[in-house]
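S.K.: The sequence and its predicted three-dimensional model are supplied below.
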Amino acid sequence: MPDATRTNNMPDEPGVPDVSVIIGAYEAMPYLIQCLESVDAQTIGAERLEIIAVDDGSTDGTGAYLEEFAARTAIPTQVIRQANSGGPSGPRNVGLKLARGRYVFFLDADDYLGEEALERMVAMGDRAGTDVVLGKIVGVNRGAPKSMWKETVERADLYTSNIKFTLSAQKLFRRDLLLRLGMSFDETLKTGEDALFTMEAYLRGDGVSVVADYPCYYLVGRDDGKHATKSGTYVLRFDSARALTKLIATHVPPGPERDVLMVRPFVVTLLPQFGPSMLRQSEEVRRRKMELGAPLMRDYWTPGLARRLKVQERLRLACVAEGRLDLLLDILQFMKDKKEPEAVRKGVRGHYHLTYPHLGEPGGLPDSAYEVVVPERVKGGKTQRPEPQSPAMFMRRLKRKARRVARTVLSTPRRAR
């Protein structure tokens, strides 16, 4: 619980601000300086904002700087100083309980906003009547998601757009939604808590908007490498994947729509645990990862989900589903050696398959695990696409194969048969 609170510039009977900016800060200096300056410079105006900043037990002067900023800014600001909570969820939940704004925005103390960010995002939320607004994210000294910023959209479709691949907390949320659903960040999760929170808002809220024509949020890579998403053990990643898959399954019935959403936890959260770095890990860690992954594969891995993935993604997860650590290690070695698969035709329908290890071998994975079903990069840098076939094309291919078989039989001496 907070042990001290400082309030600056808070009227006795204030009007409701448009946005409550919630900043959880831990050992945030000197990045906090630019973060707070970016809020102070927002074109929406100080009278339409409030800041709730929670110093989560910092020892580097973060708390003192927050109080100094609160004393001079025109934005109504509360500073809460508390013992370290062990993760970002606690400070965000403290700020959420104190927030009064129509919207809340969770701003990490390492990052900063574009000057027009909140003005543009609030205008979008009010115009579209949506409960969540995504502002374009730009990476600074680190990567950032890109595929969902192709165009500004008043109401994005969760299933056909790529918004499912940006589940960080740095978005504008309508506070009424969070109050109505009793939403908060899961403090038992030490990573992936923001993905769980945001996906629930996507699923249960009234629409999601995208502001893609202006850089709203600058995601900063810290020089000291202390960014929260880089910390924690592999077990925490499985906890995150388990929570997110369960949430999706709770709100979306089995079928194509669930499969679409399951791509996010399987590819972004789970799959990296079964990457080439696994080759350097001990046998104990390898087997533990297979054990942790098995229940997720049993409960949520479906043919529909598998066919939404690239071959190497599908193969690795299929190995986990089948408990085939031996095959998985061979595939990972192929990837580590930077070998490139070729595309070959297989089966009656002549579909393209990629020549990853053990294709067509007895006792291996079925050929369908190697089939090209989404565009793939193959040997020589060529993009191989799945080849749609009409019934007529299929029949012609079948007849050609039958003729080849007949010629082989007729040319074989009777005694050899």
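M.R.: Arrived safely, thanks for sending. Numbers count the residues shown, from 1 in each chain.

S.K.: Doesn't residue 23 belong to a strand?
M.R.: Yes. Assessed by DSSP: H, G, I helix; E, B strand; the rest coil, residue 23 belongs to a strand.

S.K.: Helices of the stretch 101-250 of the chain, start to end?
M.R.: Using DSSP state H, counting those that start in this stretch, the helices found in the stretch 101-250 of the chain span residues 117-128, 175-181, 193-204, 234-251.

S.K.: wait, which of those is closest to residue 108?
M.R.: Closest of the helices of the stretch 101-250 of the chain to residue 108 is helix 193-204, at 9.7 Å (criterion: CB to CB). C-beta here means a position set from N, CA and C on the backbone, and glycine is covered the same way.

S.K.: For the closest one, the averaged confidence score.
M.R.: Averaged over helix 193-204, pLDDT sits at 98.

S.K.: With stretch 334-351 instead?
M.R.: On average, stretch 334-351 scores 91.

S.K.: Stretch 78-97 now?
M.R.: 97.

S.K.: residue contacts, the residue nearest in space to the middle of the chain?
M.R.: Central residue of the chain (CA atoms, centre = their mean): residue 165, 4.4 Å from the mean position. For residue 165, the contact set (CB atoms under 8 Å, 6 or more residues apart in numbering) comprises 145, 147, 148, 264, 268.

S.K.: Lowest-confidence entry in those residues?
M.R.: residue 145 (89).

S.K.: Any figure for the gap between it and residue 32?
M.R.: For residue 145, the distance to residue 32 equals 24 Å [CB to CB, to the nearest Å].

S.K.: who has more neighbours, these two?
M.R.: residue 32 (24 against 18; other CB atoms under 10 Å).

S.K.: Spatially nearest residue to that one (excluding sequence neighbours)?
M.R.: Spatial nearest neighbour of residue 32, excluding adjacent residues (CB to CB, 6 or more residues apart in numbering): residue 109 at 4.9 Å.

S.K.: Next one: the closest residue to residue 168 other than its chain neighbours from residue 265, what distance?
M.R.: The spatial neighbour of residue 168 that comes closest, neighbours along the chain excluded (CB to CB, 6+ apart), is residue 194 at 5.2 Å. As for residue 194, its distance to residue 265 is 13 Å (criterion: CB to CB).

S.K.: ok, the two, which is more surrounded?
M.R.: A side-by-side neighbour count of residue 194 and residue 265, using other CB under 10 Å, places residue 265 first with 27 against 24.

S.K.: So the more buried one sits against residue 247, correct?
M.R.: No. Using CB atoms under 8 Å as the test, residue 265 is too far from residue 247 to be in contact (9.1 Å).

S.K.: My guess is residue 166 contacts residue 146. True?
M.R.: No. If you go by CB under 8 Å, residue 166 and residue 146 don't touch, sitting 9.5 Å apart.

S.K.: Which one of the two is surrounded by more residues?
M.R.: Neighbour totals were compared for residue 166 and residue 146, and residue 166 leads with 21 against 14 (other CB under 10 Å).

S.K.: Can you report how many residues lie near residue 260?
M.R.: Residues near residue 260, counting by other CB under 10 Å: 18.

S.K.: I'd like to know which elements the top strand by length along the chain is packed against.
M.R.: Using DSSP state E to define each element, the chain has its longest strand at strand 208-220. Counting by 3 or more CB pairs under 8 Å, 6 or more residues apart in numbering; DSSP states H and E, the packing neighbours recorded for strand 208-220 are strand 112-113, helix 117-128, strand 132-140.

S.K.: Try it again at 10 Å.
M.R.: helix 31-40, strand 112-113, helix 117-128, strand 132-140, strand 172-174, helix 193-204 (3 or more CB pairs under 10 Å, 6 or more residues apart in numbering; DSSP states H and E).

S.K.: Need the ones you listed in CSV (columns: distance to residue 75).
M.R.: Shown next, in CSV, are the helices and strands packed on strand 208-220 (distance: least, CB to CB, whole Å):
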stretch, distance to residue 75
helix 31-40, 7
strand 112-113, 13
helix 117-128, 11
strand 132-140, 19
strand 172-174, 17
helix 193-204, 24
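
S.K.: Out of the ones you listed, flag the one nearest residue 221.
M.R.: strand 132-140 (6.6 Å).

S.K.: Helix 193-204 and that closest one, what's the angle between them?
M.R.: If you take axes from the mean of the first three to the mean of the last three CA atoms, to 10 degrees, strand 132-140 sits at 150 degrees to helix 193-204.

S.K.: Buried residues, strand 132-140. List them.
M.R.: Neighbour counts using 16 or more other CB atoms under 10 Å place 132, 133, 134, 135, 136, 137 of strand 132-140 among the buried residues.

S.K.: Run the angle between that strand and strand 208-220 for me.
M.R.: Using the same axes, to 10 degrees: strand 132-140 against strand 208-220 is 30 degrees.

S.K.: Dump strand 132-140 to CSV, restricted to CA.
M.R.: These are the backbone C-alpha positions of strand 132-140, laid out as CSV (Å, rounded to 0.1, in the frame of the first residue of the first chain):
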residue,chain,number,x,y,z
VAL,A,132,-9.9,1.5,-26.7
VAL,A,133,-7.8,3.8,-28.9
LEU,A,134,-4.4,2.7,-30.2
GLY,A,135,-1.8,5.4,-31.1
LYS,A,136,1.0,4.7,-33.5
ILE,A,137,4.1,3.3,-31.7
VAL,A,138,7.6,4.2,-32.8
GLY,A,139,10.7,2.4,-31.5
VAL,A,140,13.7,4.4,-30.2
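
S.K.: strand partners of that strand, parallel vs antiparallel please.
M.R.: Its sheet considered, strand 132-140 pairs with strand 172-174 (antiparallel), strand 208-220 (parallel) by DSSP bridges.

S.K.: The longest strand of the chain - what's its average pLDDT?
M.R.: pLDDT averaged over strand 208-220 gives 98.

S.K.: before we move on, the earlier item: PyMOL command for the buried members of the contacts of residue 165?
M.R.: The following PyMOL line selects those of the contacts of residue 165 that are buried, judged by 16+ other CB under 10 Å:
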select buried, resi 145+148+264+268
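
S.K.: That'll do, ta.
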